[in-house]
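S.K.: give me a 3D structure for the following:
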Amino acid sequence: MRDVTFYYIPDIYTDISTGKTVEILRPKIPVRLSANFNTSKVLIDCLFDTGSDRNLFPADWGRSLGLKIEKGKKVKIGGIGGKELIAYTHKVTLHIQGAKIVTEADFSNEQNTPLLGRIGFMDKVEEIIINEKKRYIKISF
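M.R.: Next up, the predicted model:
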């Protein structure tokens, strides 16, 4: 078993209620994605999202690997506030710190933030420790 620790990464955004620029630390994991013998050239910081049922990525990320997004299995995904979006499921490999996770991911034209979810990521690793006080995630592969 191999342990890897990921420290939270600061995100900058504008608070819509105050208009002020705010920094928030978020649990993100750098991932390289591959599909159909194509591997992404850049690492993408994916949000580690315990509230997400499945892995969900922007459709353009899949297209950059040659996936025909709309040829995947069509699924409807519910989100915050009851918003529903359409996504398409594809087989992919997640490359994380030398570990390879063969899994499925949903790709949507309506999604901008790549999410690592419970099914397809969290259920594929041996152990996950979330330390909110020290702002890190430790994953055992």
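
S.K.: just checking, what packs against the helix or strand of the chain with the lowest mean pLDDT?
M.R.: Evaluated with mean pLDDT, DSSP states H and E, the helix-and-strand set of the chain has its lowest mean pLDDT in strand 9-14, which scores a mean of 92. For strand 9-14, the contact count by 3 or more Cβ pairs under 8 Å, 6 or more residues apart in numbering; DSSP states H and E identifies strand 21-26 as packing neighbours. All C-beta spots, glycine's among them, are computed from the backbone N, C-alpha and C.

S.K.: hmm, who's touching the strand it packs on?
M.R.: Outside of strand 21-26, the residues that reach it under the criterion Cβ atoms under 8 Å, 6 or more residues apart in numbering are Y8, I9, P10, D11, I12, Y13, T14, D15, L47, R135.

S.K.: ok, stretch 120-133 next?
M.R.: Counting by Cβ under 8 Å, 6+ apart, the neighbours of stretch 120-133 from elsewhere in the structure are 1, 27, 50, 54-55, 94, 101, 103-105, 116, 137-141.

S.K.: which parts of this structure are helices?
M.R.: Assigned helices in the chain, in chain order: 59-63 (criterion: DSSP state H).

S.K.: for the residue of the chain positioned farthest from its centre, give its distance to R26.
M.R.: Computed with Cα atoms, centre = their mean, the residue of the chain farthest from its C-alpha average is T18, at 28.7 Å. Taking Cβ to Cβ, to the nearest Å as the measure, T18 and R26 are separated by 19 Å.

S.K.: picking that back up, check the contacts of strand 21-26 for burial and list the buried ones.
M.R.: Among these, those scoring as buried are Y8, L47 (criterion: 16 or more other Cβ atoms under 10 Å).
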